[in-house]
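Colleague: I would like to see how this sequence folds:
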Amino acid sequence: TLAFSHHKENNLDKAEELYNSCLDINPKDPLILHNLGVIFLQTGRLDNAIQKLTANGQMVITLKEVDDTFDFLGPFLDEIQLSIEKLKNRIPLANIVFFTRQLATMFSAGLTLERAIQSLGAEEKHRKFKKVLSSVSDNIRKGLNMSESLSRHPGVFNSLFIAMVKAGEVSGNLNEILEQLSSYLENLDDTRRKVKSAMNYPIFMIVFLICMLMVMLLIIIPKFSQVYAQLGAGLPPATRKMISFSEWFTDNIGFLFFIGFTITSVIWLVSKTQRGGFALDSIKLKIPVFGSLLEQSILNKFCKTFGILIGAGVPVLETTALLRKVVDNKVYAKAIDNASDFIRDGYNISTALRRTEVFPSILLQLASTGEETGELDDLLDRAAEYYQKQVDALVERMTTLIEPLLILLVGAVIALMVVLTYLPVF
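Modeller: Numbers count the residues shown, from 1 in each chain. This next block holds a predicted model:
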């Protein structure tokens, strides 16, 4: 239920003017709404809302009931739209890293942004990115600043990139910000490549195993079954069960693919909701070895991004709003939201992070020391280096341990299938 009251002055005309001016304001921003005299209450009845407001000495001018039953669809549809936008305008991170580094160098050398971006766009090999850079250059030529031009391509330049550029424009240190941003993106690209390299081999071995099993079940075993049937040989129980499973799998392969596609689609859609995404991300963090690698990678991004934004002079609450998008994990995004609430209530950064009970003690100690010494950005950068080393160590350890285990698994499964197939011969 929405109840509006202008409680700072008993002026009906002023109150109605403020009411009309704030109809388009996001109801999630209580600070703006309170200053304008707008109050949102969650009650079951209108008379309860009136009673609560009048009890606080406020004069109710307009009372409007709002149905928030389907409010959850807003963020969900935004997530879907952003995912489609990113998929449609998919640009390799390496291209964006190279563009940012070259732009920083050219801008420091004295070239204008419009000319530098136009030159980089002319040399860009990626067709989609070339088109995006041409659009950015045209918008700058028309009078828009760089951050506004970049914000028109959310599928290519994320909110962190745009916020950093905007901070550089406001502070007048855009060349330094671009240098920091290019170093950050290079570090992010390096971390991402290391994590992918650690997971590429296990994924390849699992896909190879699935393909081999399908070849055995769809081609090899049916042929052996026909030979044994022509010979009229008696089959061992294990071989009969394997042949029966092969026949069932062959008859239902289309249905199984449909079920697999449906389950994958449902999981993807669920991951875009708040609760579903939180549950799936929690499961990811609890997977042995892989979960630890994912967590260290998230903490590395968190510390590196936090340090850069604080060093660039971005306000803390704006920084936390950007951080929740950078971590790309709803467990940590919720923790950052909770920390933002604590900071808004007056807690310092380290205490706010500690109260979430998600962040590790070493990060909290470094943050606390940084606040005391006034070097928070430097200490967060050191924490990022520490977590980067942890990622490197985990990748090396995974490569050493998982590769032989997967080779043994694949060999054992294929050997079992071959033995069961040739068992009637013996």
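Colleague: Touching, residue 113 and residue 136? I think so.
Modeller: No - taking contacts as Cβ atoms under 8 Å, residue 113 lies outside contact range of residue 136: 9.0 Å. Using the backbone N, CA and C atoms, a C-beta is placed for each residue, glycine as well.
Colleague: what residues do these two have in common as contacts?
Modeller: Shared contacts of residue 113 and residue 136, defined by Cβ atoms under 8 Å, 6 or more residues apart in numbering, comprise residue 146.
Colleague: More neighbours: which of the two?
Modeller: residue 136 (25 against 21; other Cβ atoms under 10 Å).
Colleague: Next one: that one relative to residue 333, how far apart?
Modeller: Residue 136 is 28 Å from residue 333, where distance means Cβ to Cβ, to the nearest Å.
Colleague: And residue 188, by the same measure?
Modeller: According to Cβ to Cβ, residue 188 and residue 333 sit 17 Å apart.
Colleague: what does stretch 405-418 contact?
Modeller: 201, 202, 205, 206, 208, 209, 212, 213, 216, 221, 242.
Colleague: how distant is that stretch from the center of its chain?
Modeller: 36 Å (Cα atoms, centre = their mean, to the nearest Å).
Colleague: In it, which residues are buried?
Modeller: 406, 417 (16 or more other Cβ atoms under 10 Å).
Colleague: One more: stretch 97-116?
Modeller: If you call a residue buried by 16+ other Cβ under 10 Å, then stretch 97-116 has these buried ones: 97-104, 106-107, 113-114, 116.
Colleague: Tell me the one among these nearest to residue 387.
Modeller: Proximity of the buried residues of stretch 97-116 to residue 387 (Cβ to Cβ) peaks at residue 97, which lies at 19.9 Å.
Colleague: For that closest one, which three-state class applies?
Modeller: Under DSSP: H, G, I helix; E, B strand; the rest coil, residue 97 falls in the helix class.
Colleague: Identify the residue nearest it in space, chain neighbours excluded?
Modeller: Leaving out its chain neighbours, the residue that sits closest to residue 97 by Cβ to Cβ, 6 or more residues apart in numbering is residue 185, at 4.5 Å.
Colleague: ditto for residue 377
Modeller: Counting by Cβ to Cβ, 6+ apart, the residue nearest residue 377 is residue 311, at 3.7 Å.
Colleague: The one you found and residue 181 touch, don't they?
Modeller: No - using Cβ under 8 Å, residue 311 is not in contact with residue 181; the gap is 11.5 Å.
Colleague: which one of those two has more residues nearby?
Modeller: Higher neighbour count among residue 311 and residue 181: residue 181, with 25 against 18, using other Cβ under 10 Å.
Colleague: which ones are touching that one?
Modeller: Taking Cβ under 8 Å, 6+ apart, one finds 100, 104, 161, 164, 165, 308 in contact with residue 181.
Colleague: Residue 325: what's it in contact with?
Modeller: 158, 159, 160, 333.
Colleague: repeat for residue 390
Modeller: Neighbours of residue 390 in contact, by Cβ under 8 Å, 6+ apart: 296, 300.
Colleague: Roughly how far does it sit from residue 295?
Modeller: Per Cβ to Cβ, residue 390 is found 9 Å from residue 295.
Colleague: okay, how far is it across stretch 305-320, tip to tip?
Modeller: Terminal residues of stretch 305-320 lie 10 Å apart, using Cα to Cα, to the nearest Å.
Colleague: what's the spacing between that stretch and its chain's center?
Modeller: From the chain centre to the centre of stretch 305-320 is a distance of 18 Å (Cα atoms, centre = their mean).
Colleague: before we move on, what about stretch 103-116?
Modeller: With Cα atoms, centre = their mean, you get 31 Å for stretch 103-116.
Colleague: do stretch 241-259 as well
Modeller: Distance, centroid of stretch 241-259 to centroid of chain: 36 Å (Cα atoms, centre = their mean).
Colleague: and it, what's its mean pLDDT?
Modeller: For stretch 241-259, mean pLDDT is 90.
Colleague: swap in stretch 358-369?
Modeller: 91.
Colleague: Can you tell me what sits against that stretch?
Modeller: Applying Cβ under 8 Å, 6+ apart, the contact partners of stretch 358-369 are 299, 303, 331-332, 335, 349-350, 353-354, 376, 379-380, 382-383, 386.
Colleague: and these, which of them are in helices?
Modeller: The members of those that map onto helices under DSSP state H are 299, 303, 331-332, 335, 349-350, 353-354, 376, 379-380, 382-383, 386.
Colleague: The stretch 201-350 of the chain: helices as residue ranges?
Modeller: Using DSSP state H, counting those that start in this stretch, the helices of the stretch 201-350 of the chain run over residues 221-231, 237-251, 253-271, 274-286, 290-311, 316-326, 330-344, 349-355.
Colleague: Contacts for the second one, please.
Modeller: Outside helix 237-251, the residues that touch it by Cβ under 8 Å, 6+ apart are 216-218, 221-222, 225, 235, 256, 417, 420-421, 423-424.
Colleague: Can I get that helix as CSV, trimmed to CA atoms?
Modeller: Taking Å, rounded to 0.1, in the frame of the first residue of the first chain, the C-alpha atoms of helix 237-251 are listed here in CSV:
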residue,chain,number,x,y,z
PRO,A,237,23.4,-62.2,-17.5
ALA,A,238,25.6,-59.1,-17.5
THR,A,239,25.9,-59.1,-21.3
ARG,A,240,22.1,-59.6,-21.6
LYS,A,241,21.5,-56.6,-19.3
MET,A,242,23.9,-54.5,-21.3
ILE,A,243,22.2,-55.4,-24.6
SER,A,244,18.8,-54.6,-23.1
PHE,A,245,20.0,-51.2,-22.0
SER,A,246,21.5,-50.6,-25.4
GLU,A,247,18.1,-51.4,-27.1
TRP,A,248,16.2,-49.2,-24.6
PHE,A,249,18.7,-46.3,-25.1
THR,A,250,18.5,-46.6,-28.9
ASP,A,251,14.6,-46.5,-28.8
